[in-house]
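Colleague: would you be able to build a 3D model of this:
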Amino acid sequence: MPPFDSPRDADRLIVYGLGTVGQAIVDDLLAEGINIELILDRGKGGESYRNIPILAIEDAGDDRLTGKTVLVGLHNHYVDINLLHANLLAAGAARILTPINLPELAPQARTQPGYWLDPGFSYAAHQCEFARIRNLLADEISRSLFDAILAYRQSGNIAECPVPSLEDEYTPIGLPRFAEPLRIIDCGAFTGVAIHKFLKAGYEIASFVAFEPDPANFAILASRNFPVDRRICLPLGTWSTTRQLSFASNGSMASHLSDAGDTTIQCVAIDDILHGEQINLIKMDVEGAEVETLKGMRNIIERQNPHLLISAYHTPEHLYEIADLINSWNLRYKFHLRVHEYNTFGTVIYAFPDDGMG
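Modeller: From the prediction side, this is the model:
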């Protein structure tokens with residue numbers, strides 16, 4: 001997808017979506033003098049925003065999209081962006097952009113959608129790191145997904161965005177089944193979603209230790225009746241050292257450590273508190289603290305060589321930093337990669353012990 005010659009090429013722009021990200025994008029575009037003809041948003045159809053009419057896509061008849069450029073103002077894991085792309089093309093759109101392309105349209109844009117989308121990150125400057133991690137990946141599916149993620153995150157071309165495998169997060173089809181019974185450390189347990197997925201996949205779980213610092217999430221987690229004899233739920237965050245850190249708590253999956261957080265939580269290094277606990281699987285989705293959390297559990301990983309299921313979508317660097325760190329410990333892990341949510345969210349690195357059993 002070639003870049004725009006100038007923002008003026010977007011004078012007939014249509015924006016899809018007027019949620020938090022979409023509204024910020026519209027404001028940025030207007031601030032730079034870019035004309036927005038129409039906003040598409042099913043939930044707000046018939047309204048207007050800053051004197052721009054809003055329609056649902058199915059109500060935008062009369063060739064309103066024909067030949068037009070549409071900027072998708074969404075950056076989340078729950079909208080099927082590949083299907084949306086197909087629907088916009090079917091409605092006549094000539095070109096479809098994403099927030100990845102926002103700097104091309106509005107160089108002074110202040111919108112920071114977050115997660116893996118960081119306008120200040122240079123993929124070109126890290127080609128060596130990406131190439132090194134690609135060579136570590138142990139199967140062709142992983143390598144193809146890795147290539148597609150990099151292509152999409154650089155171009156914004158939705159046609160390059162990998163289609164996720166939605167039903168097998170943490171229990172990936174096509175990879176060896178984990179040795180049973182599972183003895184799990186779950187970092188960022190939320191309400192026990194991963195434990196439920198293991199049980200649904202037919203795994204026997206001997207024990208789990210679950211860490212969840214958000215009070216609302218922890219209350220649900222601790223109240224759930226899992227058929228597991230030994231289970232420990234701890235209202236703690238995880239980090240490389242045991243210390244208190246600022247935390248943004250909102251009772252959702254997105255609660256995370258943040259210098260601007262509204263509360264302070266106790267975080268722990270796993271090596272500081274789990275002594276003698278037998279484990280064979282570590283699952284981790286800690287909203288960007290994955291690398292630091294791994295550093296804080298190096299001893300238990302080196303001693304027991306568990307399977308590692310590590311989320312790698314919170315920052316662009318995590319696509320190489322996580323595998324790089326684990327590989328630097330010379331434990332002979334084999335690395336796989338799968339994508340389990342839309343828009344390259346839900347990207348997980350699966351690190352298998354060399355014997356494949358764990």
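
Colleague: so where is the stretch 251-358 of the chain shaky, pLDDT-wise?
Modeller: For the stretch 251-358 of the chain, the stretches flagged by pLDDT under 70 are 251-261, 356-358.

Colleague: just the strands in it please.
Modeller: Listed in chain order, the strands of the stretch 251-358 of the chain (DSSP state E, counting those that start in this stretch) span 256-257, 263-268, 281-284, 307-311, 334-339, 347-352.

Colleague: can you list those strands in TSV and add mean neighbour count?
Modeller: Where C-beta positions appear, they are placed from N, C-alpha and C, glycine not excepted. Shown next, in TSV, are these (neighbours: other C-beta atoms under 10 Å):
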stretch	mean neighbour count
strand 256-257	20
strand 263-268	17
strand 281-284	25
strand 307-311	24
strand 334-339	22
strand 347-352	23
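
Colleague: and the ones you listed: which comes nearest Gln112?
Modeller: strand 256-257 (14.4 Å; C-beta to C-beta).

Colleague: returning to that earlier point: columns distance to His77 on top of the strands of the stretch 251-358 of the chain, output as CSV?
Modeller: Converted to CSV, the strands of the stretch 251-358 of the chain look like this (distance: least, C-beta to C-beta, whole Å):
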stretch, distance to His77
strand 256-257, 15
strand 263-268, 24
strand 281-284, 17
strand 307-311, 11
strand 334-339, 10
strand 347-352, 10
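
Colleague: what kind of secondary structure is the residue of the chain most remote from its centre in?
Modeller: In the chain, the residue that sits farthest from the middle, by C-alpha atoms, centre = their mean, is Asp62; the gap is 37.3 Å. Following DSSP: H, G, I helix; E, B strand; the rest coil, we place Asp62 in the coil state.

Colleague: confirm Gly120 sits in a helix?
Modeller: No. According to three-state DSSP, Gly120 belongs to no helix; its state is coil.

Colleague: and it, how many neighbours?
Modeller: 7 (other C-beta atoms under 10 Å).

Colleague: same check on the one 10 residues further on?
Modeller: Using other C-beta under 10 Å, Phe130 has 17 other residues around it.

Colleague: need the nearest residue in space to it, chain neighbours excluded.
Modeller: Computed as C-beta to C-beta, 6 or more residues apart in numbering, the closest residue to Phe130 that is not its neighbour in sequence is Tyr320, at 5.8 Å.

Colleague: can you verify my assumption that that neighbour contacts His126?
Modeller: Yes. With contact defined as C-beta atoms under 8 Å, Tyr320 reaches His126; the gap is 6.8 Å.

Colleague: compare these two (neighbour count), which wins?
Modeller: Per other C-beta under 10 Å, whichever of Tyr320 and His126 has more neighbours is Tyr320, with 20 against 17.

Colleague: do you know how far that one is from Phe121?
Modeller: Distance, Tyr320 to Phe121, by C-beta to C-beta, to the nearest Å: 12 Å.

Colleague: average pLDDT across stretch 64-77?
Modeller: Confidence for stretch 64-77, expressed as mean pLDDT, is 95.

Colleague: which residues in the chain form helices?
Modeller: Listed in chain order, the helices of the chain (DSSP state H) span 20-31, 81-90, 102-105, 127-136, 140-155, 193-200, 215-223, 270-273, 290-295, 298-304, 318-328.

Colleague: ok and the fourth one relative to strand 334-339, angle-wise?
Modeller: When you say that, I think you mean helix 127-136. Interaxial angle, helix 127-136 versus strand 334-339 (axes from the mean of the first three to the mean of the last three C-alpha atoms, to 10 degrees): 110 degrees.

Colleague: what comes up buried for helix 127-136?
Modeller: By neighbour count on 16 or more other C-beta atoms under 10 Å, the buried set for helix 127-136 is Glu129, Phe130, Ile133, Arg134, Leu136.

Colleague: ok, now the fifth one?
Modeller: Neighbour counts using 16+ other C-beta under 10 Å place Ile141, Ser142, Arg143, Leu145, Phe146, Ala148, Ile149, Leu150, Tyr152, Arg153, Ser155 of helix 140-155 among the buried residues.

Colleague: what about the residue nearest to the first one when sequence neighbours are not counted, how many residues nearby?
Modeller: Read that as Ile141. Once flanking residues are discounted, Ile141 sits nearest to Gly174: 6.8 Å by C-beta to C-beta, 6+ apart. Each residue near Gly174 was counted by other C-beta under 10 Å, and the total is 10.

Colleague: pull out the buried residues from stretch 289-303.
Modeller: Ala289, Glu290, Val291, Glu292, Thr293, Leu294, Gly296, Met297, Arg298, Ile300, Ile301.
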